[in-house]
Structures are given as structure tokens and as C-alpha cells.
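J.: Would you be able to build a 3D model of this:
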Amino acid sequence: MLGLIGKKIGMTQVFDAEGHLIPVTAIKVEGNVVVAERTEEKNGYNAVLLGSVDIKDKAATKPYKGQFKEICAPKKYLHEFRNFDREVKVGDTLGVDVFKDIVYVDVTGTTKGKGYQGGMKRHGFHGGRATHGSKFHRDLGGTAMSSTPARTFKGQKMAGHMGNVQQTVQNLRIVKIDEEAGLLLVKGAIPGSAKSTVVVKKAVKK
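T.: Purely as a prediction, here's the structure:
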């Protein structure tokens with residue numbers, strides 16, 4: 001499975017050859033270094049471990065820095081890609097050219113945190129009437145059974161923490177690849193705020 005670690009820059013728009021405007025998200029891909037390889041004989045599966053974004057030597061502990069010894073500077077982000085569809089070896093640096101012959105990708109990121117929210121915003125409940133005299137505007141309504149034992153089942157849609165979860169958007173079309181700038185432009189929105197870290201993989205359903 002081909003994949004890279006990137007950073008969400010933000011959204012913009014581009015025009016295609018026919019003059020159609022396409023909303024795109026720009027993903028910056030800095031050099032992804034192959035830090036380690038997992039093999040069937042030693043680990044029970046095949047994979048490569050990629051690292052991205054250098055950190056200061058004093059910011060990492062000795063055990064953490066040990067895996068980068070004689071390979072590269074310590075990296076802030078690490079991600080393992082199983083069954084990597086490309087011949088690589090430890091120390092190789094990968095860029096956006098990995099997706100040169102790929103049309104669709106899946107992007108995984110962490111959604112924006114919304115804090116503690118009520119049922120209407122968190123689950124899209126309509127609420128009650130907004131008219132004068134109504135005592136049911138934005139209330140959640142009943143959540144438990146009316147008979148004994150009166151308890152609320154797990155998984156009930158209620159108020160609570162919203163956002164800040166891992167989410168994957170599938171089948172996003174690659175609109176443009178800028179190898180010089182290390183940019184990948186994909187059609188549509190991806191999860192996360194600007195400057196957040198994302199993982200881009202070859203689409204599994206295309």
C-alpha cells in the first residue's frame with residue numbers, strides 16, 4: 001500500500017483544461033525517510049516505517065533517537081505502511097512523485113475538536129418548536145426507559161465530546177502534483193485543521 005506522511009496546508013481552487021473551477025486541498029509532503037523495514041521472517045508481516053519532519057536532537061529521548069542512528073535526523077512523525085508497493089531500502093527519501101501514476105487517494109487525519117456539545121449540534125437533532133410557550137427547544141428528550149429498571153443503554157445519542165477523532169476520507173481525486181514544491185492537490189476537503197498532519201494512501205476501493 002503506497003502512502004506518505006504530509007501536512008494539510010489549506011484549501012484553494014484551480015481551473016482544469018476545460019475551464020471548470022475545482023476546489024482542492026493542498027497537502028505539503030516533506031521528505032519521507034524510510035526508517036525501518038518489517039519483514040515476514042522477522043516480524044510476521046511486510047511493511048516500511050516512514051518518518052517525516054526533523055526535530056531537535058535535544059528534544060528526543062535516547063531510546064527514541066536510537067531507531068534513527070546512522071540513518072537520518074530524529075523525526076517527529078512516524079507511520080507504518082504495510083505491503084508497500086515499491087522497492088525501497090532503509091535511508092531512502094520519498095516525495096510526492098510516489099503518487100505520479102495514481103489517480104485516487106485516501107486521506108486520514110484528525111478532525112477539529114469541537115469541545116463538549118449538545119445533542120442538536122453533535123447528532124443533528126431537530127429539537128422542538130421555537131415558538132413562544134414551548135418548553136422543548138434544544139433539549140435532548142428522553143434517554144431511558146420509562147419502566148423498571150430505568151437506565152440508559154450504552155451508545156445512546158446524547159451530549160458529549162465532539163470532534164478530535166481520526167477520520168478517513170476515501171476516493172479523493174488527485175488534481176495536480178507539484179514535485180518541485182512538494183505539493184499534492186486533491187479534490188475536496190480532508191479532515192483536520194490547517195498545518196495538521198495527515199496520512200495519504202493509495203485508494204483501496206479504486
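J.: Could you measure from the nearest residue to residue 166 once chain neighbours are set aside over to residue 41?
T.: Leaving aside its sequence neighbours, residue 166 sits nearest to residue 110 (CB to CB, 6 or more residues apart in numbering; 5.7 Å). For glycine as for every other residue, the C-beta is placed from the backbone atoms N, C-alpha and C. Here the criterion is CB to CB, to the nearest Å. By it, residue 110 lies 34 Å from residue 41.
J.: do the same with residue 112
T.: Distance from residue 112 to residue 41, counting by CB to CB: 42 Å.
J.: Which one of the two is surrounded by more residues?
T.: Neighbours around residue 112 and residue 41, counted as other CB atoms under 10 Å, are more numerous at residue 112. The numbers are 12 against 6.
J.: can you give me phi and psi for the more buried one?
T.: phi -70, psi 140 (degrees, to the nearest 10).
J.: now residue 121
T.: phi -80, psi -40.
J.: Surely it touches residue 162?
T.: Yes: here residue 121 reaches residue 162: they are 7.1 Å apart, a contact under CB atoms under 8 Å.
J.: hey, what's in contact with both of the two?
T.: Common contacts of residue 121 and residue 162 (CB atoms under 8 Å, 6 or more residues apart in numbering): residue 114.
J.: Where do the helices of the protein begin and end?
T.: 40-43, 62-66, 119-123 (DSSP state H).
J.: who are the neighbours in contact with the closest residue to residue 159 other than its chain neighbours?
T.: Excluding the flanking residues, the one nearest residue 159 by CB to CB, 6+ apart is residue 118, at 4.7 Å. For residue 118, the contacting residues are 138, 140, 159, by CB under 8 Å, 6+ apart.
J.: Next: residue 192.
T.: 8, 109, 110, 111, 112, 198.
J.: before we move on, what about residue 203?
T.: Residue 203 touches 102, 104, 105, 106, 170, 171, 172, counting by CB under 8 Å, 6+ apart.
J.: Which among those count as buried?
T.: 102, 104, 105, 106, 172 (16 or more other CB atoms under 10 Å).
J.: Got phi/psi on residue 196?
T.: phi -80, psi 160.
J.: if I read this right, it contacts residue 107, doesn't it?
T.: No: using CB under 8 Å, residue 196 makes no contact with residue 107, being 11.2 Å away.
J.: more crowded one of those two?
T.: residue 107 (25 against 15).
J.: leaving aside the residues next to it on the chain, what's closest to residue 176?
T.: Closest to residue 176 by CB to CB, 6+ apart is residue 185, at 4.3 Å.
J.: for that neighbour, what are its contacts?
T.: 12, 14, 24, 25, 26, 27, 174, 175, 176, 177, 178.
J.: Mind giving me the PyMOL command for buried ones among the residues you listed?
T.: The PyMOL selection below is limited to those of the contacts of residue 185 classed as buried (16+ other CB under 10 Å):
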select buried, resi 24+25+26+27+174+175+177
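J.: Could I get the contacts of residue 185 in JSON lines, plus columns for pLDDT and distance to residue 153?
T.: As requested, these are exported to JSON lines (pLDDT from 0 to 100; distance: CB to CB, whole Å):
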{"residue": "12", "pLDDT": "95", "distance to residue 153": "45"}
{"residue": "14", "pLDDT": "94", "distance to residue 153": "48"}
{"residue": "24", "pLDDT": "97", "distance to residue 153": "43"}
{"residue": "25", "pLDDT": "97", "distance to residue 153": "38"}
{"residue": "26", "pLDDT": "97", "distance to residue 153": "44"}
{"residue": "27", "pLDDT": "97", "distance to residue 153": "41"}
{"residue": "174", "pLDDT": "96", "distance to residue 153": "43"}
{"residue": "175", "pLDDT": "95", "distance to residue 153": "45"}
{"residue": "176", "pLDDT": "94", "distance to residue 153": "48"}
{"residue": "177", "pLDDT": "94", "distance to residue 153": "48"}
{"residue": "178", "pLDDT": "93", "distance to residue 153": "51"}
